[in-house]
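K.L.:
the sequence isn't on hand, but the structure is:
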């Protein structure tokens, strides 16, 4: 009696699908872009000073 470790529809066939590799490459590129742009955060611009003659609101 011979038993196979893999079923006919092996879950390991995903690595042969090109769409999986495209997804993996896109994820790796996204992580690389995140790491490379980590210090490029947007600094908020201070609010402009009120013009002379306008009442200040509190």
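P.N.:
Looks like it arrived, so ask away. These numbers come from a predicted model, not from an experiment.
K.L.:
against residue 23, how distant is residue 32?
P.N.:
Look at residue 32 and residue 23: by CB to CB, to the nearest Å, they are 15 Å apart. (C-beta placed from N, C-alpha, C; glycine too.)
K.L.:
kindly report the same for residue 30.
P.N.:
Shown here: residue 30 relative to residue 23, a distance of 11 Å by CB to CB.
K.L.:
low-confidence stretches in the chain?
P.N.:
1-12, 14, 40-42, 54-58 (pLDDT under 70).
K.L.:
which of the helices or strands spans residue 20?
P.N.:
In this assignment (DSSP states H and E), residue 20 forms part of helix 18-36.
K.L.:
and that helix, what other elements does it pack with?
P.N.:
The helices and strands touching helix 18-36, judged by 3 or more CB pairs under 8 Å, 6 or more residues apart in numbering; DSSP states H and E, number zero.
K.L.:
quick one, what contacts residue 25?
P.N.:
Counting by CB atoms under 8 Å, 6 or more residues apart in numbering, residue 25 makes contact with nothing.
K.L.:
state the distance from it to residue 31.
P.N.:
Taken as CB to CB, the span from residue 25 to residue 31 is 11 Å.
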